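**Q** Show me how the following folds:
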Amino acid sequence: MKKIIYVYDPMCSWCYGFRQTWQVIQAGIPEGVQIETRLGGLAPDDQQPMPDAMRDKLASTWHRIEEMCQVPFDHSYWKQQPNPPRTTYIAGRAVRAAQSLGGDEMQMVRAIQDAYYQQGQNVWRAEVLIQLAEDLGLDRTNFSLALESDATRQAHEREVNATYAMGVQGYPSLVWQDGDQRGLLPIDYANPQTVLDIVNQLLSN
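**A** Numbers count the residues shown, from 1 in each chain. Below you'll find the model as predicted:
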């Protein structure tokens with residue numbers, strides 16, 4: 001069985017920049033190659049204010065991604081929230097909570113990304129994620145319970161640990177799997193054809 005595993009974190013700015021390129025890649029993947037998604041985890045739960053150096057680095061990274069990937073960012077976020085906590089795991093749990101209630105995985109991811117990067121919302125707050133889920137048609141109470149449940153938390157931790165065990169070091173990552181063999185594919189943010197060409201080469205070998 002041949003497959004491509006897309007590994008991401010919903011609050012990863014490079015994953016947001018890669019979003020359109022990944023959509024094109026998916027549309028061009030040859031028949032017979034499965035596509036899977038896996039959650040990684042950038043930053044565990046933490047309510048401590050982000051250090052100034054990290055804030056400045058992330059703010060600068062947003063500008064780099066905007067220029068390279070041609071995606072919009074609300075840069076005023078860093079003025080409104082000068083030292084937010086560095087925490088992303090709750091967004092990953094929100095994606096799986098939405099799925100558990102019949103929601104679409106990538107629809108929830110896009111909602112989180114758009115709220116964070118385009119609207120400057122604090123998607124590390126449970127109440128913001130609950131509202132996003134409700135806007136997508138999910139039951140508010142059920143989603144809140146799923147988001148905060150031990151089962152969701154434990155499942156997310158297992159998924160993140162399994163991702164690390166695959167050798168993934170950063171996000172986004174594309175893992176090519178052919179039977180028991182795995183390897184990382186290069187990420188080209190501006191040109192989806194780079195990945196598609198490599199996949200076609202692998203299939204022809």
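**Q** Return the set of buried residues in the longest helix anywhere in the chain.
**A** Counting by DSSP state H, the longest helix found in the chain is helix 52-69. Across helix 52-69, burial judged by 16 or more other Cβ atoms under 10 Å covers R55, W62, I65, E66, C69. Yep, even glycine has a C-beta here, placed from its N, CA and C like the rest.
**Q** give me every residue that touches the closest residue to the last one other than its chain neighbours.
**A** With sequence-adjacent residues excluded and distances taken as Cβ to Cβ, 6 or more residues apart in numbering, C69 is closest to G17, at 3.6 Å. With contacts defined as Cβ atoms under 8 Å, 6 or more residues apart in numbering, G17 is in contact with I65, E66, M68, C69, V71, Y189.
**Q** Swap in 10 Å and give it another go.
**A** The contact partners of G17, by Cβ atoms under 10 Å, 6 or more residues apart in numbering, come to 61-62, 64-71, 73, 113, 117, 172, 189-190.
**Q** Can you name the next helix or strand after the helix or strand hosting it?
**A** In this assignment (DSSP states H and E), G17 forms part of helix 13-28. Going down the chain from helix 13-28, the next helix or strand is strand 33-39, by DSSP H and E.
**Q** Pairing partners for that following strand, with directions?
**A** With DSSP bridges as the test, strand 33-39 is paired with strand 2-8 (parallel).
**Q** Taking helix 13-28 as reference, get the angle to the strand it pairs with.
**A** 150 degrees (axes from the mean of the first three to the mean of the last three Cα atoms, to 10 degrees).
**Q** What's the mean pLDDT across strand 2-8?
**A** Across strand 2-8, the average pLDDT comes to 97.
**Q** where does the protein have low pLDDT?
**A** Of all residues in the chain, none has pLDDT under 70.
**Q** Buried residues, the helix holding G17. List them.
**A** Using 16+ other Cβ under 10 Å as the test for burial, helix 13-28 gives S13, W14, C15, Y16, G17, F18, R19, T21, W22, I25.
**Q** Quick one: distance of it to the chain centre.
**A** 11 Å (Cα atoms, centre = their mean, to the nearest Å).
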